[in-house]
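Enquirer: No sequence on hand, only this structure:
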């Protein structure tokens, strides 16, 4: 993967390592539809003017409305609600562990949709190591949950795994700013009526407002543009490997800002996640070059005449 790809990968690993905490804080006082609407609306307000200034947004929507709608549903409209609703009952560690299954499901989705991206033993081993690291990291923090919440996270995983494949196959030529702004605007419009009905009776606390602002600005507007660029740079399968880094970032933030213990188990998990990410995002084995026939070599040397042996 290129230096630009590694930069985007590292950026996304950090940015999407904090939403679990922010969502957990927000749902204590605000309903899931309001959380999703606020997140989408803030992102759309920030990105839509730049997308319009770039030009061509209406044409992009008219030309690619079907894959745009599919991407918006699978990446934003459905999974953001199911994940937010699930975190009313599940711990953020549990959600992070389950979301870490996205790359595995992504492999199945890519193959099902006919993706030609080669995997190889090294990348499969990396995926397995990453999943093992996330398991080691989050298993001690699991607090359980009910069947509905687990099913909601499963739907989130399926959406997150499938949407990048659609973006890579059907929306590769669409500017990232157009794709992000259009999908966030659509999601905000969809959730606006429900958010009005489910709005809180009083103004949320400053902590919740800060969490909502962080979700909308950092984890949505900035993150989506970077994520779509990462898909174009590294491919859909490698791009979803950030879900291995996200739980590690969440635990590190807790240790730094909340003084949570940084144990040997956490350090081992970090090592597994780092090794798994490197292997899973490495370029696949090069295809062996086909041998050039002897007659062709001789023709080239003789200026077009085939020489006898």
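Expert: Arrived safely. It should be emphasised that the depicted structure is a prediction, and the values quoted were computed from it without experimental measurement. Numbers count the residues shown, from 1 in each chain.
Enquirer: which residues sit in contact with residue 171?
Expert: By CB atoms under 8 Å, 6 or more residues apart in numbering, the contact set of residue 171 is 64, 67, 68, 71, 179. In this view, the C-beta of every residue, glycine as well, is placed from N, C-alpha and C.
Enquirer: just residue 221 next, same as before
Expert: 42, 43, 46, 47, 180, 184.
Enquirer: tell me which element the last one is part of?
Expert: With the criterion set as DSSP states H and E, the secondary-structure element containing residue 184 is helix 176-197.
Enquirer: What helices and strands are in contact with that helix?
Expert: Secondary-structure packing of helix 176-197 (3 or more CB pairs under 8 Å, 6 or more residues apart in numbering; DSSP states H and E): helix 32-54, helix 57-63, helix 65-72, helix 223-234.
Enquirer: And the contacts of it?
Expert: By CB under 8 Å, 6+ apart, helix 176-197 touches 33-34, 36-38, 40-41, 43-44, 47-48, 50-51, 54, 56-57, 60-61, 68-69, 71-72, 75-77, 80-81, 167, 171, 220-221, 224-225, 228-229, 232.
Enquirer: rerun at 7 Å
Expert: Applying CB atoms under 7 Å, 6 or more residues apart in numbering, the contact partners of helix 176-197 are 33-34, 36-37, 40-41, 43-44, 47-48, 50-51, 54, 57, 60-61, 68, 71-72, 76-77, 171, 220, 224-225, 228-229.
Enquirer: Selecting buried members of those residues in PyMOL, what would you type?
Expert: Remark: buried members of the contacts of helix 176-197, expressed as a PyMOL selection using 16 or more other CB atoms under 10 Å:
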select buried, resi 33+34+36+37+40+41+43+44+47+48+51+57+60+61+68+71+72+76+77+171+220+224+225+228+229
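Enquirer: ok so, going back, return the set of buried residues in the helix holding residue 184.
Expert: 176-188, 190-191, 194-195.
Enquirer: thinking again about what came up before, tabulate the helices and strands packed on helix 176-197 in TSV, adding columns for mean pLDDT and distance to residue 158.
Expert: Shown next, in TSV, are the helices and strands packed on helix 176-197 (pLDDT from 0 to 100; distance: least, CB to CB, whole Å):
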stretch	mean pLDDT	distance to residue 158
helix 32-54	95	18
helix 57-63	94	25
helix 65-72	96	13
helix 223-234	82	17
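Enquirer: Could you dump these into CSV with distance to residue 22 added?
Expert: Compiled in CSV, the helices and strands packed on helix 176-197 are given as follows (distance: least, CB to CB, whole Å):
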stretch, distance to residue 22
helix 32-54, 9
helix 57-63, 29
helix 65-72, 21
helix 223-234, 12
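Enquirer: Ok, which of these comes nearest residue 12?
Expert: helix 223-234 (5.6 Å; CB to CB).
Enquirer: can you list the residues that contact that closest one?
Expert: 1-2, 4-5, 8-9, 11-12, 15-16, 43, 164, 167-168, 172, 176-177, 179-180, 239, 281.
Enquirer: List of residues touching stretch 66-74?
Expert: Identification of contacts with stretch 66-74 by CB under 7 Å, 6+ apart yields 61, 159, 162-163, 166-167, 170-171, 179, 182-183, 186-187.
Enquirer: and residue 164, how many neighbours does it have?
Expert: When counting by other CB atoms under 10 Å, one arrives at 26 neighbours for residue 164.
Enquirer: Kindly report the same for residue 91.
Expert: Other residues within reach of residue 91, judged by other CB under 10 Å, total 17.
Enquirer: What score does it have for pLDDT?
Expert: Residue 91 is assigned 76 on the pLDDT scale.
Enquirer: Neighbours of residue 30, how many?
Expert: For residue 30, the neighbour count with other CB under 10 Å is 23.
Enquirer: how about it, secondary structure?
Expert: coil (DSSP: H, G, I helix; E, B strand; the rest coil).
Enquirer: i'd like the first residue to be 382 from this point on
Expert: OK, 382 is where the count begins now, so the last one is residue 411.
Enquirer: quick one, what contacts it?
Expert: Taking CB under 7 Å, 6+ apart, one finds 581, 585, 589 in contact with residue 411.
Enquirer: any idea how far the first one is from residue 644?
Expert: Distance of residue 581 to residue 644, computed by CB to CB, to the nearest Å: 38 Å.
Enquirer: again with the last one
Expert: As for residue 589, its distance to residue 644 is 30 Å (criterion: CB to CB).
Enquirer: higher neighbour count, these two?
Expert: residue 589 (19 against 12).
Enquirer: Can you go through the contacts of helix 604-615 and name the buried ones?
Expert: 382, 386, 389-390, 392-393, 396-397, 424, 545, 548-549, 557-558, 560-561, 620, 662.
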